[in-house]
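> How does the following fold in three dimensions:
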Amino acid sequence: MKAPRRDLSSVAMQPKPKNKTKNPSMPFWRVLIVEDDVPTRDFFADSVSRCADLRLVAGVGTCEEARALIEDTSQGIDILLTDLALPDGNGLELIRLAARVQPACEALVISMFGDEDSVLSSVEAGALGYIQKDFTPDNIALTILDMKAGASPISPMIARRVLAKYRALHAVDREVPPVSPETNLSSGAGRPAAAAVRALLSVREQEVLELIARGFSYAEISKLKAVSVHTIQSHIKNLYAKLAVHSKSEAVYEATRLGLLLPPTSDS
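I've put the predicted structure just below:
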């Protein structure tokens, strides 16, 4: 099978690799690659292995092999790089499993599937990035490092689909009355907009959003979720981008208006 076609325009915009000298006191980011196509898997593994900031845990081709590695919590995994279509299952299962078993693990999907359902399902499961194989970066290690720094890698075609979904959400929002303090979400009022927007948020992002609304600080949230403050900051950046806001107060207001959070009551 041919190696992934590289999008040269995207590659040209990427920063040039730096001469990395790893600080011994800093941990490596441990990467698990799940890809059933051997040439593609080797392509990713080679890029990861050559990066001083990353360590390859393993490169496997099935859900069963990946599941065993994820469930072995004695071997921490920081990045799950996975395809969706696997011989014995779907990469979504692995993303959800990693979110439960190794909450600090961040997922990046690289798949042939570029349809809206696959993209939104991946994001909802917890993926922080989604790249179509036709646009695979020349150096996947740089993409992983960008993700660990708070970015959400996304290929051009996927970005276009997400923007289309974003416009659709606003169209739905115009048809649904704003959520008022008297609105009971369980009755179904405001549910179309809430369900549509919620599909863009991962489980962890929704949890962080709810804790922000309750007044918890970044440090407090990181302790509650047993992850680093940096990871929480990454979730916050993603939330701001998806809600099109720039502060905590704006995020809480917009999320409440869209039905993602229950409005405060007079008893709270």
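> Mind checking which residue lies nearest the centre of this protein?
The chain has Leu128 as the residue nearest its centroid, 1.6 Å off, counting by C-alpha atoms, centre = their mean.
> And the pLDDT at that residue?
The model reports Leu128 with a pLDDT of 89.
> Same question for Arg160.
Value for Arg160, per-residue pLDDT: 73.
> What is the neighbour count of it?
For Arg160, the count of nearby residues is 12 (other C-beta atoms under 10 Å). C-beta coordinates here come from the backbone N, C-alpha and C atoms, glycine included.
> separation between it and Val119?
11 Å (C-beta to C-beta, to the nearest Å).
> which residues does the residue nearest to the centre of the chain contact?
Leu128 is in contact with 106-108, 147, 152-153, 202, 234, 238, counting by C-beta atoms under 8 Å, 6 or more residues apart in numbering.
> Which of the residues you listed scores worst on pLDDT?
Ser202 (77).
> isn't that residue right up against Glu124?
Yes: if you go by C-beta atoms under 8 Å, Ser202 and Glu124 touch, sitting 6.4 Å apart.
> who has more neighbours, these two?
Taking other C-beta under 10 Å, Ser202 and Glu124 do not tie; Ser202 has more neighbours (23 against 19).
> residues contacting the more buried one?
99, 123-128, 235, 238.
> so how far is Ala244 from it?
17 Å.
> related to what we said a few turns ago, three-state assignment of the residue nearest to the centre of the chain?
strand (DSSP: H, G, I helix; E, B strand; the rest coil).
> Can you tell me how far it is from Asn238?
7 Å.
> So for those two, which residues contact both of them?
152, 202.
> in stretch 203-223, what counts as buried?
204-213, 216, 218, 221-222 (16 or more other C-beta atoms under 10 Å).
> ok, so of these, who is nearest Thr256?
Nearest to Thr256 among these is Ala213, at 7.7 Å by C-beta to C-beta.
> Which element, helix or strand, includes the nearest residue to the closest one once chain neighbours are set aside?
Leaving aside its chain neighbours, Ala213 sits nearest to Val252 (4.8 Å; criterion: C-beta to C-beta, 6 or more residues apart in numbering). Assessed by DSSP states H and E, Val252 sits inside helix 248-257.
> Can you give me the buried ones in stretch 47-65?
For stretch 47-65, by 16+ other C-beta under 10 Å, it's 47-48, 51, 53-54, 56-61, 63, 65.
> Show me the shaky parts of the stretch 1-150 of the chain.
The stretch 1-150 of the chain contains residues with pLDDT under 70 at 1-26.
> so where do the strands sit in it?
Secondary structure of the stretch 1-150 of the chain by DSSP state E, counting those that start in this stretch: the strands cover 29-34, 54-60, 79-82, 85-86, 89-90, 106-111, 127-132.
> to the chain's geometric centre, what's the distance from the last one?
The one in question is strand 127-132. Distance, stretch centre to chain centre, for strand 127-132: 7 Å (C-alpha atoms, centre = their mean, to the nearest Å).
> Export it to CSV, keeping only CA atoms.
The C-alpha coordinates for strand 127-132 follow below in CSV (Å, rounded to 0.1, in the frame of the first residue of the first chain):
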residue,chain,number,x,y,z
ALA,A,127,-10.0,13.1,20.4
LEU,A,128,-8.1,16.4,20.4
GLY,A,129,-7.2,16.2,16.7
TYR,A,130,-8.4,14.6,13.5
ILE,A,131,-6.3,14.3,10.3
GLN,A,132,-7.3,12.6,7.1
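> If I take it and strand 106-111, what angle do their directions form?
Relative orientation of strand 127-132 and strand 106-111, computed by axes from the mean of the first three to the mean of the last three C-alpha atoms, to 10 degrees: 20 degrees.
> Also the first one?
For strand 29-34 against strand 106-111, the angle by the same axes, to 10 degrees is 30 degrees.
> Strand 29-34 versus strand 54-60: what angle between them?
Angle between the axes of strand 29-34 and strand 54-60 is 20 degrees (criterion: the same axes, to 10 degrees).
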